[in-house]
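Student: fold the following and give me the result.
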Amino acid sequence: MRILSVVAISTALLISQVAVAKDKSVPAKGAETTSSTMMTNEQSTALGVEARRKEDAQRRAWDDKTRSISKGICSGC
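Tutor: Numbering: from 1, shown residues only. Here you go, the predicted structure:
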């Protein structure tokens, strides 16, 4: 009985995965790359610098928030 249950559940899981799987041989819509959509080295560098600047700003905001919270909790030793 247990073996039959395990086989039935395994079959149901396998069938659901096969039904959801996408065909890899067909490229996704909009996945084509042309020379007009490719980035230059300068554009890539600019995006990296912007992302780094944004991450630093978020980290500083988080640090400031954490510092202000910890100052309110700490009563001194």
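Student: start from the N-terminal end of this protein and give the helices.
Tutor: 2-20, 41-73 (DSSP state H).
Student: weakest of the ones you listed by average pLDDT?
Tutor: Mean pLDDT per stretch puts helix 2-20 lowest among the helices of the chain, at a mean of 79.
Student: how about JSON lines for the helices of the chain, with mean neighbour count added?
Tutor: To be clear about C-beta, it is placed using only N, CA and C from the backbone, and glycine gets the same treatment. Putting the helices of the chain into JSON lines (neighbours: other Cβ atoms under 10 Å) gives the following:
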{"stretch": "helix 2-20", "mean neighbour count": "9"}
{"stretch": "helix 41-73", "mean neighbour count": "10"}
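Student: so how far is residue 43 from residue 13?
Tutor: Applying Cβ to Cβ, to the nearest Å, the value for residue 13 to residue 43 is 44 Å.
Student: same thing with residue 10?
Tutor: Applying Cβ to Cβ to residue 10 and residue 43 gives a distance of 49 Å.
Student: next: residue 70.
Tutor: Taking Cβ to Cβ, one finds residue 70 at 41 Å from residue 43.
Student: cool, residue 64 as well?
Tutor: From residue 64 to residue 43 the distance is 32 Å (Cβ to Cβ).
Student: check residue 17 too.
Tutor: For residue 17, the distance to residue 43 - Cβ to Cβ - is 39 Å.
Student: ok, now residue 9?
Tutor: Residue 9 is 50 Å from residue 43, by Cβ to Cβ.
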